[in-house]
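Q: got a predicted structure plus its sequence, pasted below:
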Amino acid sequence: MEAHILIFACSLIAVVLFFEFSNGFNDCANLVVTPVITGALDPRKALLVMAVFEFIGAWFLGTAVAQTLGKGIVNPQNITLSAIFAALFAAILWNLGGWYFGMPSSSSHALIGGLLGAIALGSGPQWIHWGKVWEVLAILILSPIVGLILGHYLTKQVLALFENFKPNRANRLLKRLQILTSITLALSHGSNDAQKGMGIISLSLIIFYQISPKIMEKIYQPMEQNAFYVPKWVTLACSVALALGVGFGGWRIMKTLGTKLYRVRPVHGFSAQACSSAIIYLSSLFGFPVSTTQIVSSSILGAGSAQSLGAVRWGIGRQIFFTWIITIPGSAILAALILLLLKSWV
């Protein structure tokens with residue numbers, strides 16, 4: 001029995017790491033689209049830069065988001081392992097579906113929706129910390145609105161600043177600045193998205209340790225009173241998985257963000273990346289899991305609208321917005337269905 005527990009734990013960890021890989025694979029387009037489309041970086045260099053700094057951001061920039069997901073939404077005592085599996089499978093399927101259809105869906109929405117659906121069915125909605133959930137949902141909703149407004153405002157300021165520059169000189173300088181904003185965006189993305197996997201693995205380790213302390217001591221040393229924390233090897237594993245996902249990239253989504261919304265120029269790329277970096281990192285600092293997809297997409301829309309509202313294809317933007325809206329309820333329902341299947345098989 002104890003050997004089965006260890007296999008079960010390793011299997012769940014593998015699923016979380018695959019989620020992190022699919023997260024990076026899905027979000028890669030958001031990170032590299034503007035420097036690639038504007039010519040600031042060629043695709044291979046962009047992917048390499050992003051993957052390296054994703055790892056650095058994930059490894060060095062804290063675990064506040066992991067704390068929120070690991071103990072903020074539900075107490076570890078009130079969630080089952082099958083519910084965690086169901087939430088993860090639902091989020092992975094949603095990520096892959098977004099990639100397949102070329103729509104930038106939100107990994108954060110998918111994971112949170114999956115957790116809510118699985119916990120509500122498996123343990124009961126009364127065990128969900130709804131106060132914290134509403135805080136997280138409020139930030140998820142507000143952050144892309146801030147990205148849209150800030151992208152619009154910053155682009156206008158940059159256009160005014162470079163008004164007397166020759167276009168070729170301005171574009172050369174903005175392309176160089178885009179290399180810097182690409183790095184800051186990768187750092188901030190790593191600081192937020194890798195922590196989602198860290199939180200789920202650390203939560204699962206607490207549950208597994210309660211079931212079989214002797215066997216789990218081989219891979220996990222608990223804190224006093226089983227307090228939540230993120231082991232170093234969990235941080236490393238999630239950082240590597242996310243960076244690898246970014247390195248392989250999701251090019252279908254890049255086509256939507258880089259060519260279908262409007263013609264992205266260096267000024268748009270610089271402004272959108274600078275805004276996205278600031279919003280995502282501040283969210284990570286305060287422990288809020290945000291949708292980097294939403295923030296980057298809305299910042300790109302805001303940057304494009306600064307020159308002309310008519311230059312942006314708002315119809316594509318509405319499709320992206322619709323995808324965001326349905327992600328949480330859709331992944332919640334999907335997780336509940338997966339949990340029902342798991343219960344019928346066990």
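A: Sure thing, it's come through. The shown structure was predicted, so the numbers you read here are calculated from the model rather than taken from an experiment.
Q: what residues does stretch 13-27 touch?
A: 54, 85, 88-89, 91-92, 95-96, 98-99, 104-105, 107, 111, 189, 193-194, 196-197, 200-201, 204, 237-238, 241-250, 253, 292-293 (Cβ atoms under 8 Å, 6 or more residues apart in numbering). All C-beta atoms are positioned from the backbone trio N, CA, C, and that covers glycine.
Q: scratch that, stretch 332-345 is what I was asking about
A: Counting by Cβ under 8 Å, 6+ apart, 82-83, 85-87, 89-91, 93-94, 113-118, 120-122 sit against stretch 332-345.
Q: in that stretch, what's buried?
A: Buried residues in stretch 332-345, defined by neighbour count with 16 or more other Cβ atoms under 10 Å: 332-336, 338-339, 342.
Q: could you report the neighbour count for Trp134?
A: 10 (other Cβ atoms under 10 Å).
Q: again, but for the one 10 residues further on
A: Residues contacting Pro144 under the criterion other Cβ under 10 Å number 26.
Q: which helix or which strand is home to it?
A: helix 130-161 (DSSP states H and E).
Q: helix or strand next in line after that helix, which one?
A: Sequence order places helix 167-211 as the next helix or strand after helix 130-161, per DSSP H and E.
Q: tilt between that following helix and helix 130-161?
A: Angle, helix 167-211 to helix 130-161, by axes from the mean of the first three to the mean of the last three Cα atoms, to 10 degrees: 170 degrees.
Q: ok so, going back, what subset of the contacts of stretch 332-345 is buried?
A: For the contacts of stretch 332-345, buried by 16+ other Cβ under 10 Å: 82-83, 85-87, 89-91, 93-94, 113-118, 120-122.
Q: rounded mean pLDDT for stretch 129-140, please.
A: Regarding stretch 129-140, the rounded mean pLDDT is 85.
Q: so what touches that stretch?
A: 68, 72-75, 106, 108-109, 112, 116, 283, 288-291, 294, 328.
Q: if we can go back for a sec, which of the contacts of stretch 13-27 fall in helices?
A: The members of those that map onto helices under DSSP state H are 54, 85, 88-89, 91-92, 95-96, 98-99, 107, 111, 189, 193-194, 196-197, 200-201, 204, 237-238, 241-248, 253, 292-293.
Q: show me which of these are buried.
A: Buried members of the ones in helices among the contacts of stretch 13-27, counted by 16+ other Cβ under 10 Å: 54, 85, 88-89, 91-92, 95, 98-99, 107, 111, 189, 193-194, 196-197, 200-201, 204, 237-238, 241-247, 253, 292-293.
Q: list the contacts for Phe53?
A: When contacts are counted by Cβ under 8 Å, 6+ apart, Phe53 touches 183, 186-187, 190.
Q: just the closest of those to Ala9, please.
A: Gly190 (25.1 Å; Cβ to Cβ).
Q: the closest one and Ala243 touch, don't they?
A: Yes. Under the criterion of Cβ atoms under 8 Å, Gly190 makes contact with Ala243 at 7.5 Å.
Q: joint contacts of these two?
A: With Cβ under 8 Å, 6+ apart as the test, Gly190 and Ala243 both reach 54-55, 58.
Q: adding distance to Asn226 and pLDDT, write the residues you listed out as TSV.
A: Listed next are these as TSV, based on distance: Cβ to Cβ, whole Å; pLDDT from 0 to 100:
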residue	distance to Asn226	pLDDT
Glu54	31	86
Phe55	29	89
Ala58	25	86
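Q: where does the prediction get shaky in the stretch 1-150 of the chain?
A: 1-3, 29, 98-105 (pLDDT under 70).
Q: do that again at 50, thanks
A: Within the stretch 1-150 of the chain, not a single segment meets pLDDT under 50.
Q: okay, the residue of the chain most remote from its centre: pLDDT?
A: Farthest-out residue of the chain from its mean C-alpha position, per Cα atoms, centre = their mean: Asn164, at 38.6 Å. Each residue has a pLDDT score; the one for Asn164 is 82.
Q: how near is it to Leu154?
A: To Leu154, Asn164 is 19 Å away according to Cβ to Cβ, to the nearest Å.
Q: please apply the same query to Leu148.
A: 11 Å.
Q: so what's the residue nearest the centre of the chain closest to, chain neighbours aside?
A: By Cα atoms, centre = their mean, the chain has its centre lying nearest to Asp193, at 4.1 Å. Leaving aside its sequence neighbours, Asp193 sits nearest to Asn23 (Cβ to Cβ, 6 or more residues apart in numbering; 5.5 Å).
Q: state the distance from that neighbour to Leu96.
A: 11 Å.
Q: how about Ile37?
A: Counting by Cβ to Cβ - Ile37 and Leu96 are separated by 24 Å.
Q: now do Lys175
A: Plainly put, Lys175 is 33 Å away from Leu96 if you go by Cβ to Cβ.
Q: buried residues in the helix or strand hosting Leu282?
A: Assessed by DSSP H and E, Leu282 sits inside helix 266-285. In terms of neighbour count (16+ other Cβ under 10 Å), helix 266-285 has its buried residues at 266-281, 283-284.
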